[in-house]
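1. next comes the sequence, and after it the predicted model I'd like to discuss.
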Amino acid sequence: MRKMMEFTYRLADKKQVPVILDTDDKDKAARYEHLGMKLDRVRSCGGRFHMYDLIRE
């Protein structure tokens, strides 16, 4: 996962665009934060289902 994100960050930096992603897994969101993403918001999608929106500018 680290190699994939580092590749994505290099490409985004080269093109001067943010990296935006979302996941429905709280543990994955925490791993993405550890790899440099920032949790932007948590969306409730009904019941106990949530989406975690992350960004790296």
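-> Yep, it's here. Note that this is a predicted model, so its numbers are computed, not measured.
2. identify the bridge partners of I20.
-> Per DSSP bridges, the residues bridged to I20 are I55.
3. list the beta-bridge partners for S44.
-> Going by DSSP bridges, S44 forms beta bridges with H50.
4. offset the numbering so it begins at 160, please.
-> Renumbered: residue one is now 160, and that last one reads S203.
5. residue contacts, L213?
-> 179-182, 188, 191-192, 196-199 (C-beta atoms under 8 Å, 6 or more residues apart in numbering). Every C-beta, even on glycine, is put in place using the N, C-alpha and C of the backbone.
6. which ones among those residues map onto strands?
-> 179-182, 197-199 (DSSP state E).
7. only the buried subset of those, as a PyMOL command please.
-> Those of the ones in strands among the contacts of L213 that count as buried under 16 or more other C-beta atoms under 10 Å are selected in PyMOL with:
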select buried, resi 182
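8. could I get the pLDDT score of M160?
-> Looking at M160, its pLDDT stands at 88.
9. and it, how close does it get to G206?
-> 28 Å (C-beta to C-beta, to the nearest Å).
10. hang on, Y211 packs against S203?
-> No: at 11.1 Å, Y211 and S203 do not qualify as touching, with contact defined as C-beta atoms under 8 Å.
11. relative to the whole chain's centre, how far out is the lengthiest helix in the chain?
-> Assignment by DSSP state H gives helix 161-174 as the longest helix of the chain. Here helix 161-174 is found 12 Å from its chain centre; the criterion is C-alpha atoms, centre = their mean, to the nearest Å.
12. mind giving me the packing neighbours of it?
-> strand 178-182 (3 or more C-beta pairs under 8 Å, 6 or more residues apart in numbering; DSSP states H and E).
13. export the strand it packs on as PDB, just CAs?
-> Presented in PDB, the C-alpha positions along strand 178-182 are these (Å, rounded to 0.1, in the frame of the first residue of the first chain):
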ATOM      1  CA  VAL A 178      -5.200  13.100  -4.100                       C
ATOM      2  CA  ILE A 179      -8.800  12.300  -3.000                       C
ATOM      3  CA  LEU A 180     -10.100   8.900  -2.000                       C
ATOM      4  CA  ASP A 181     -12.800   7.400   0.100                       C
ATOM      5  CA  THR A 182     -13.200   4.100   1.800                       C
END
